[in-house]
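**Student:** I would like to see how this sequence folds:
(chains A and B)
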Amino acid sequence: MLKSLRWRSIVALAAILGAVIYLIPSLSGELPAWWSSFLPKDAIRLGLDLQGGIHLVLEVEASKAVESHLERVVEELKRDLREDKIRYLDLKREGLRGVNIVLMRSEDRDLFMDIAAAGYPDFEVESVPDRDGKPAFQLVLDAKARDRIKKMAVDQALETIRNRIDQFGVSEPDIRPQENNRLLIQLPGVKDPKRAIALIGKTAQLEFKLVDEENSVEEALEGKIPPGDEILYQVTMDPKTGRQTKIPYLLKKRTALTGEYITDARVQIDSQYNEPYVSLSFDARGARIFEQITEQNIKKRLAIVLDNKVNSAPVIQDKISGGKAQITGRFTMDEARDLAIVLRAGALPAPVKIIEERTVGPSLGRDSIEKGFKSVLIGGAIVILFMGIYYGLSGLIADLALILNMVFIMAGLAFFSATLTLPGIAGIILTIGMSVDANVLIFERIREELRLGKTSRAAIEGGYAKALVTILDAQVTTLIAALVLFQFGTGPVRGFAVTLSIGIVASLFTAIFVTRIIFDYLYVQRNMKKISI
Amino acid sequence: MQFIKPGTNIDFTGKRNTAFVFSGLMILATIFILIWRGGPNYGVDFSGGVVVQVKIDQKTSPADIKEALRAVQLEDSIVQGFGDTDASEYLVRIRKIDVELTGLSDRVEEALKAEFGKGVDIRRVEMVGPKVGDDLRQKALFAIFYALLFIAIYISGRFELKWLMSIIMAISLAFVVYVASRFGISVTWLILVALIVTLGLCLFLNLKYALGAIIALIHDVTITVGAFALTDREISLSIIAAFLTIVGYSLNDTIIVFDRIRENVRRFRRRPFEQTMNVSINETLSRTILTSSTTLIVVLALFILGGGVIHDFAFALLVGILVGTYSSIFVASPVLLIWEGKFGKRSKKRGD
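**Tutor:** I've put the predicted structure just below:
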């Protein structure tokens, strides 16, 4: 008896010490250097519902990425065909499927097939019935390539958004991909959720397009848009009245220059009007293209288009070398800064749609923590008092087990790097109630044994032995429920499952192992005769 | 100190007919209320939509807030007081899913700030698009389904100590459900199928304790859902979590009573089953009342002090614990009695 008691006490104390070590980073602000080097140093993480923050699920419209890819293939094919002097009647994208081509001359058929086979491995060439005697083909994008493009779009979107968030400055962001082309983004402690969300969701596609100076905007608005042109609008809002005005521009559809050539974007302040603007720098190739455009189109207007909306359309005064341009507009400092971030980080390869958003303000987070802990303290205090009154000294032993349970749960959270959520606090509270159950089962059995006339030692042994199976049984069913919840649950529900599971395991340990040590010490070792139970 | 004197002998089994009537009434009431309310009140988690929790530092009312929302065509949103009555917090719920959901919360904020000035504090926003709503519904249903499956397996194995039987049960269940799912049946029906198959298997394989436990479970969850429907509370993801916890807790309770019944049946083979059952319930009464009381105390603390966000969750637990305790004594055990009455001779032949 003596030997096993010593062993068991050592095990119990070691477990408690371990738990306390895991808890200390959460309780104290500063850890001494020698601690951080090899002892655990992570504090318990608080969930978004306790810390405040944003939870977003974005869906990347990956099919748009496939569309853009096909459009690019159309342009490439046009260039290749021109090089080989193959004339075509029709060359355009068909939905998400592929590209339709009609050649001018039947003699070009073989040459075309060679070009297609050599230069476009992702496509299958399908012969389509001749159109008016002219050879017609459809280049069909093969399924693997399509999936690859979609996946790349999601990966790129992930990186771009991560980039933007890094520049925005959030501590401990959590960005990860999910099935079905979705991205999960969690940003704890964000003070201005609207700005953050706008920053993330902006496609930020920057394009430079020439204004069609020859045709009239008014005529185009009536329905006759000249081939190769499109109408885009500049949307301005009067800050005083809040009214929006839309000014139409007739632009050449072909993009002269895109934002992928931008190496830097900075916020500068215009000295004359004291307004912020964004200054862009292009890379060498972009600078050369920009130089060409401005050289060939002096006195014409070049529209700066952001996400298909015209930002401005200044007149090109002179050839611009050196690759620098400006984007102006009535920006606030924040707006300018965010635009610079988004241009620096790059455009999203496809638009993203917010399909789930949960934002908790910091004030609610604080309130929830306060209220949660108040409930734990008061509920726990009442139970502790009650146990002491009902079971006497044994009740106090059970109370000690209860307090140890709390310590173990919190340490468990730190150990598993799990997050504490508001339902998690509810889980802790539930554990208080249920861990008492294990002790009650044992104590009631001990009382029964005593009534049968057994000695203290025998009663204790009998009580523990008979109650053990029942305790295990009962807790296992709740554990099953908790594990299922963990598997299928999202953030806050998972937090609940975690605290409940850890709580159950901890209460099994304290009720069966730890309290037994104390009982054995008092009634066997010290040989106290009468059990206070 | 003792609440229940040893040797107490309340006639629980004698009162079982009253209990049946009572339970039957509650379940009928639940069905009636559900029909009346047009189904359970699904929160935005499952139905999609936007919820904005806002705190306004002026004295106002839901009607005023709805008026303020007229400016952005959202005056038909549901506005409710939230939390303590003096906290001036409100919940604005917009359940349209045909409208573009992103930006709705901004419009709400703008409209409220225009009407009530700077004292508007947006405490929480939840927006769930229709696709995500569907996904969450699926997840919740699968969680319920798997929990049911594992618990059925565990009960049959543990209770009857017939692990072979429980493996058979698991395989048959999985098979039947697989076949059903090939017919493209939705998850809700799958759960119902699973339940029916489980009950059938219990009957067929002579698993009387498992049967009692499962019937008690169904009883508990149904009545809790009814309580929610009665008080028009929303069913969200965390409420589903509460339901599963109630399942675990109720089972917990039932197992303890059943273990005692079995122990006593072994000891007093000659006594009539009804008497043994009654004695067992009385013996475990002390523990049952104690555990339920302590758990209720803490959940009550959460219910009263925990704040609005966790309030409904605490309510579910409160109802569940009360009903779960009641069902172990007045539903699960009487089922055993009926079984013994009908099939008792058969199982005696098998030497149970």
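**Student:** near chain A, which residues of the stretch 101-250 of chain B?
**Tutor:** With the criterion set to Cβ under 8 Å from any Cβ of the partner chain, the stretch 101-250 of chain B comes near chain A through B:102, B:105-106, B:121-129, B:131-132, B:136, B:139-140, B:142-143, B:146-147, B:150-151, B:154, B:158, B:237-238, B:240-241, B:244-245, B:247-249. C-beta here means a position set from N, CA and C on the backbone, and glycine is covered the same way.
**Student:** mind listing what's buried in stretch A:120-134?
**Tutor:** Buried residues in stretch A:120-134, counted by 16 or more other Cβ atoms under 10 Å in any protein chain shown: A:120, A:122-123, A:125, A:134.
**Student:** quick check: of these, which lies closest to chain B?
**Tutor:** A:D122 (29.3 Å; Cβ to the nearest Cβ).
**Student:** got a list of what that closest one touches?
**Tutor:** Neighbouring residues of A:D122 by Cβ atoms under 8 Å, 6 or more residues apart in numbering or on different chains: A:141-142, A:145.
**Student:** rewinding a little: and the buried residues of stretch A:120-134, which is closest to A:L89?
**Tutor:** Checking the buried residues of stretch A:120-134 against A:L89 by Cβ to Cβ gives A:K134 as the nearest, at 6.0 Å.
**Student:** what about the helices in the stretch 51-200 of chain B?
**Tutor:** According to DSSP state H, counting those that start in this stretch, the stretch 51-200 of chain B carries its helices in the segments B:62-69, B:104-116, B:130-160, B:163-182, B:187-204.
**Student:** so where's the stretch 51-200 of chain B uncertain?
**Tutor:** For the stretch 51-200 of chain B, residues meeting the criterion pLDDT under 70 lie at B:85, B:96-99, B:159-162, B:165, B:177, B:180-181, B:183-188.
**Student:** revised request: answer the last question for chain A.
**Tutor:** A:1-3, A:29, A:36-37, A:239, A:242.
**Student:** for chain B, what's the nearest residue on the stretch 201-350 of chain A?
**Tutor:** Closest point on the stretch 201-350 of chain A to chain B, by Cβ to the nearest Cβ, is A:G201, at 7.7 Å.
**Student:** am I right that that residue is in contact with A:V60?
**Tutor:** No: counting by Cβ atoms under 8 Å, A:G201 sits too far from A:V60 to count as a contact (11.2 Å).
**Student:** give the helix, strand or coil label for A:T236.
**Tutor:** What DSSP: H, G, I helix; E, B strand; the rest coil gives for A:T236 is strand.
**Student:** list the residues that contact the closest residue to it other than its chain neighbours.
**Tutor:** Excluding the flanking residues, the one nearest A:T236 by Cβ to Cβ, 6 or more residues apart in numbering or on different chains is A:T245, at 5.4 Å. A:T245 sits next to A:235-238 when contact means Cβ under 8 Å, 6+ apart.
**Student:** from A:D238, how far out is A:T245?
**Tutor:** According to Cβ to Cβ, to the nearest Å, A:T245 stands 7 Å off from A:D238.
**Student:** again with B:V125
**Tutor:** 28 Å.
**Student:** higher neighbour count, those two?
**Tutor:** Applying other Cβ atoms under 10 Å in any protein chain shown to B:V125 and A:D238 shows that B:V125 carries more neighbours, namely 24 against 10.
**Student:** specify the beta-bridge partners of the more buried one.
**Tutor:** Here B:V125 sits in beta bridges with A:T359, B:V52, going by DSSP bridges.
**Student:** related to what we said a few turns ago, now do the residue nearest to A:T236 against A:V235, distance only.
**Tutor:** For A:T245, the distance to A:V235 equals 7 Å [Cβ to Cβ].
**Student:** if we can go back for a sec, can you list the buried residues of stretch A:120-134 in JSON lines and add secondary structure?
**Tutor:** Below are the buried residues of stretch A:120-134 laid out as JSON lines (three-state DSSP):
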{"residue": "A:Y120", "secondary structure": "coil"}
{"residue": "A:D122", "secondary structure": "coil"}
{"residue": "A:F123", "secondary structure": "strand"}
{"residue": "A:V125", "secondary structure": "strand"}
{"residue": "A:K134", "secondary structure": "strand"}
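**Student:** for the chain, longest helix please?
**Tutor:** Using chain A here. helix A:362-415 (DSSP state H).
**Student:** ah, no, chain B please
**Tutor:** From DSSP H, the single longest helix across chain B is helix B:273-305.
**Student:** on contacts alone, who are the packing partners of that helix?
**Tutor:** In terms of contacts (3 or more Cβ pairs under 8 Å, 6 or more residues apart in numbering or on different chains; DSSP states H and E), helix B:273-305 is packed against helix A:362-415, helix A:422-451, helix B:237-267, helix B:308-327, helix B:333-349.
**Student:** quick one: which of the ones you listed is nearest A:R97?
**Tutor:** Here helix B:237-267 is closest among the helices and strands packed on helix B:273-305 (Cβ to Cβ), at 39.3 Å.
**Student:** what about residue 260, neighbour count?
**Tutor:** All of this refers to chain A. Neighbour number of A:E260 under other Cβ under 10 Å is 13.
**Student:** my question was about chain B
**Tutor:** Using other Cβ under 10 Å, the number of residues around B:R260 comes to 20.
**Student:** ditto for the one 4 residues further on
**Tutor:** Close neighbours of B:N264, defined as other Cβ under 10 Å, add up to 19.
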